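Asks: Sequence first, predicted coordinates after that:
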Amino acid sequence: MPNPAQTEKKPQVIAFAGAKNGVGKTSVVANVAAALALRGKRVCVVDVDTGLSNINALLGLRPAYRFDQLLSGEKSLAELLLKTSDGVAVLPAAYGIGTELPSGEQLSRLTEALSELEAQYDYFLIDTAATLTPSVLRYIEFARSAFVVVSGDPAALTDAFALLKALNARQYAGNLRVVVNQAVDYPAATDTYRRFAAVAEKCLKLKVEYGGFVIRDETLPKAVALQMTVVDLAANSPASRCLFALADNIIKHIGSDTAGGGLLEYWQTLLNAESAHHAAAADGDNQALPRANSPIAADKTEPGIGELSRRLLSAMKNQLLDQPELERFTGEFVESYCEHFGRFPSAFKQLFYRWLETENYAESRLVELAATLEALHAMRYQRPMFSLEENAARLVAQLQGRQQQHRDLVEQLCAAYRQAFHEEVFDAEQVLLERMQAEDFTEQHFEELLQKLRNGFQARFHRPYQSRCEVTLASTVEALQAMGIDQQNLQDEITMLMHGFQLLGSRREKLLNAINTVQNADVPPMPSDALDG
């Protein structure tokens, strides 16, 4: 009989935040989700990153439909939801949850879909954008548990502190935990956490818990290139062990909490906050507009966008705005621009190139950005940016002169093929026969190959290799040797029998002679010991 407390338990909603691009937040989300699934938990990742949405690229997923098609009734939740090989579900481009006010019919469809989704999973991991816009802050604010992903980079720690400052201003009441990503080792990770937590407690009077760390590992870029999680690619790697530990801590400290409200309540809280935000904005606009008969309206007009821009630039030059406040404004400005005009500002294209040229970004960040751009291209045009032939040519060119890396890549591809199709890529026997037909294959090569095969056989079966003829010959020799031993034993037995026959014949003659002597003369018979002699 099921426990009532267990049947009424709601799934846990956990927000993952990273105030700066490149700290590896989305990679942590994808791998923690896979680790939880491998621990037997039902996990769904909700992607609310309106800018990058690179969870799909990291997991090798290709979304076919948009979230607004669910709201319009064109597609069902099952059609929108994506699944990984580990069973992790991904709700792509779900930024419509809590950031827009749906109509009555859309609200009904969304509520029904979220109720259905809530009943299927134990954990919902919210992958937020790396900005400080009000909508992103609300995603974090209304989650009972939140993980802030940081690195040892001073800029990343500064941005993470700005995030904590913004959450503190909103009086965040949940549990904040810090995950140190890309750490050199455990002491370095704990040192980064202690410094960050000390500043947060001193300046904000805010306590943040230690959530764990992920060590820097060379298998992580390989997993990104193969669009796999590192816990799938190399479950025993250092990074994988850290991620499994993080998943175990979530199960122990968060999964045991029975007070979670679930996904539906989380969304309803977001929607109520959005409604209040729109209402406050509307009231502010109404109060800002002067009445038609007001003397202010007749004598004074609102400054235009040009004047406001000049004022803002002047404030920036005079250092009247601090960096976190300016970043918050920039995010809100771009978000409002996109909502109003339906597109991204074209001037940002040049700024984007300048950003890449001037900032000293680590290689891992640029790799993540390139993977994100490829995923966006695939979503937009429903095909990969590069064909298989182009990708293969790029890999071959990149591996020129590096034999070991070339061999490692081939082994990884073969391993991925075996995992996907449960068979080997190549027929080893056929490949070997084809190699022997090559003109440069000599008898010496054959002898060396044959010796390697014999050594491999002995290492596998712990005995020297013998062909069928050799086994038959060895068995025959053993049989002949056994027959020779049996023959010798039989010969010895025959010799003993002949010797016994001779003794019996000798005794018989002596007995006959004794009988004849007794018959011929009245002589007492010979004693028995004399006959035996």
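Replies: Received, thanks.
Asks: Next up, phi/psi of Q182, please.
Replies: For Q182, the backbone dihedrals (degrees, to the nearest 10) come out as phi 60, psi 40.
Asks: Please list all residues in contact with it.
Replies: Contacts were defined as CB atoms under 8 Å, 6 or more residues apart in numbering; by that measure Q182 touches 23-24, 151-152, 214, 216, 364. Placement of C-beta: from N, CA and C, glycine included.
Asks: Mind putting those residues into a markdown table with distance to L413 and neighbour count?
Replies: Shown next, in a markdown table, are the contacts of Q182 (distance: CB to CB, whole Å; neighbours: other CB atoms under 10 Å):
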| residue | distance to L413 | neighbour count |
| --- | --- | --- |
| V23 | 29 | 30 |
| G24 | 25 | 25 |
| S151 | 30 | 27 |
| G152 | 33 | 19 |
| V214 | 26 | 28 |
| R216 | 24 | 17 |
| S364 | 22 | 18 |
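Asks: CSV for those, including secondary structure and distance to E493?
Replies: Below are the contacts of Q182 laid out as CSV (DSSP: H, G, I helix; E, B strand; the rest coil; distance: CB to CB, whole Å):
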residue, secondary structure, distance to E493
V23, coil, 90
G24, coil, 86
S151, coil, 89
G152, coil, 89
V214, strand, 80
R216, coil, 80
S364, helix, 85
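Asks: ok, so of these, who is nearest V90?
Replies: G24 (17.8 Å; CB to CB).
Asks: and the residue most central in space within the chain, how far is that from V29?
Replies: Among the residues of the chain, the one closest to the centroid is T229, at 2.1 Å (CA atoms, centre = their mean). According to CB to CB, to the nearest Å, T229 and V29 sit 10 Å apart.
Asks: so K207 sits in a strand?
Replies: No - counting by DSSP: H, G, I helix; E, B strand; the rest coil, one finds K207 to be coil, located in no strand.
Asks: Please name the bridge partners of V45.
Replies: Here V45 sits in beta bridges with V90, L125, going by DSSP bridges.
Asks: Assess the claim that it and I55 are in contact.
Replies: Yes - contact status for V45 versus I55: in contact at 6.1 Å, counting by CB atoms under 8 Å.
Asks: any shared contact partners between the two?
Replies: 29-30, 90, 127.
Asks: May I ask which two of these are separated the most?
Replies: V29 and V90 (10.0 Å).
Asks: where does the stretch 401-533 of the chain dip in pLDDT?
Replies: Counting by pLDDT under 70, the ranges of the stretch 401-533 of the chain that qualify are 522-533.
Asks: Swap in 80 and give it another go.
Replies: Applying pLDDT under 80 to the stretch 401-533 of the chain flags the ranges 401, 416, 419-420, 425-428, 521-533.
Asks: tell me which helix or strand of the chain sits lowest on mean pLDDT?
Replies: helix 295-299 (a mean of 39; mean pLDDT, DSSP states H and E).
Asks: can you pull out the helices in the stretch 351-500 of the chain?
Replies: 363-381, 388-398, 403-421, 428-436, 443-461, 468-520 (DSSP state H, counting those that start in this stretch).
Asks: Highest mean neighbour count out of those helices?
Replies: helix 363-381 (a mean of 16; mean count of other CB atoms under 10 Å).
Asks: pLDDT (mean, whole number) over that one?
Replies: Averaging pLDDT along helix 363-381 gives 68.
Asks: Could you report the neighbour count for T131?
Replies: 26 (other CB atoms under 10 Å).
Asks: Name the SS class of it, please.
Replies: Going by three-state DSSP: T131 is coil.
Asks: Just the pLDDT at it, thanks.
Replies: 81.
Asks: Find the nearest non-adjacent residue to it, please.
Replies: G331 (4.4 Å; CB to CB, 6 or more residues apart in numbering).
Asks: ok, the one you found - contacts?
Replies: Counted by CB under 8 Å, 6+ apart, G331 has contacts 131-133, 136.
Asks: Against G174, how distant is it?
Replies: For G331 relative to G174 (CB to CB), the value is 22 Å.
Asks: repeat for G40
Replies: 26 Å.
Asks: Check D248 too.
Replies: 21 Å.
Asks: Ok, C44 next?
Replies: Taken as CB to CB, the span from C44 to G174 is 19 Å.
Asks: Mind checking which of the two has more residues around it?
Replies: For C44 versus G174, the count of surrounding residues by other CB under 10 Å is larger for C44: 22 against 16.
Asks: Now do the more buried one against R435, distance only.
Replies: Taken as CB to CB, the span from C44 to R435 is 49 Å.
Asks: Which pLDDT value belongs to A5?
Replies: So A5 comes in at 44 (pLDDT).
Asks: What ranges does the stretch 51-200 of the chain have for its helices?
Replies: Going by DSSP H, counting those that start in this stretch, the stretch 51-200 of the chain shows helices at 55-59, 67-71, 77-80, 104-118, 134-141, 154-169, 186-204.
Asks: Could you export those as CSV, including distance to L271?
Replies: Shown next, in CSV, are the helices of the stretch 51-200 of the chain (distance: least, CB to CB, whole Å):
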stretch, distance to L271
helix 55-59, 23
helix 67-71, 13
helix 77-80, 18
helix 104-118, 8
helix 134-141, 10
helix 154-169, 20
helix 186-204, 29
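Asks: Looking at those helices, which one is packed in the most?
Replies: Among the helices of the stretch 51-200 of the chain, ranked by average contacts under mean count of other CB under 10 Å, first place goes to helix 55-59 (a mean of 25).
Asks: Give the other helices and strands that that one contacts.
Replies: For helix 55-59, the elements it packs on are helix 25-38, strand 43-47, strand 89-91, helix 363-381, judged by 3 or more CB pairs under 8 Å, 6 or more residues apart in numbering; DSSP states H and E.
Asks: Output those in TSV, with distance to S115 appended to each entry.
Replies: Converted to TSV, the helices and strands packed on helix 55-59 look like this (distance: least, CB to CB, whole Å):
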stretch	distance to S115
helix 25-38	22
strand 43-47	14
strand 89-91	14
helix 363-381	27
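Asks: Which residues outside stretch 105-125 are in contact with it?
Replies: 10-14, 16, 29, 32-33, 36, 41-46, 70-73, 77, 81, 89, 91, 97, 102, 250, 255, 262-264, 266-267.
Asks: Out of the residues you listed, which end up buried?
Replies: Listed as buried from the contacts of stretch 105-125 are 10-14, 16, 29, 32-33, 36, 41, 43-46, 70-71, 77, 81, 89, 91, 97, 102, 250, 255, 262-264, 266-267; burial here means 16 or more other CB atoms under 10 Å.
Asks: average model confidence for stretch 261-268?
Replies: 85.
Asks: Wait, a strand at I14?
Replies: Yes - secondary structure of I14 (three-state DSSP): part of a strand.
Asks: Check whether it really touches F142, as I assumed.
Replies: No - the pair I14 / F142 is not scored as a contact, 11.9 Å apart, by CB under 8 Å.
Asks: Determine how far stretch 208-224 lies from the middle of the whole chain.
Replies: 11 Å (CA atoms, centre = their mean, to the nearest Å).
Asks: Also stretch 387-403?
Replies: With CA atoms, centre = their mean, you get 24 Å for stretch 387-403.
Asks: what comes into contact with that stretch?
Replies: So stretch 387-403 is in contact with 386, 405-406, 409, going by CB under 8 Å, 6+ apart.
Asks: So which of these is the closest to L450?
Replies: H406 (26.5 Å).
Asks: Excluding chain neighbours, what is closest to the closest one?
Replies: That would be L399: by CB to CB, 6+ apart, it lies 4.4 Å from H406.
Asks: any idea how far that neighbour lies from E389?
Replies: 16 Å.
Asks: The stretch 201-350 of the chain: helices as residue ranges?
Replies: Going by DSSP H, counting those that start in this stretch, the stretch 201-350 of the chain shows helices at 219-225, 230-233, 238-249, 262-288, 295-299, 305-317, 323-341, 348-358.
Asks: weakest of the ones you listed in terms of mean pLDDT?
Replies: helix 295-299 (a mean of 39).
Asks: quick one: Q69 from Q106, how far?
Replies: Taking CB to CB as the measure, Q69 falls 11 Å from Q106.
Asks: And for F441?
Replies: F441 is 69 Å from Q106, by CB to CB.
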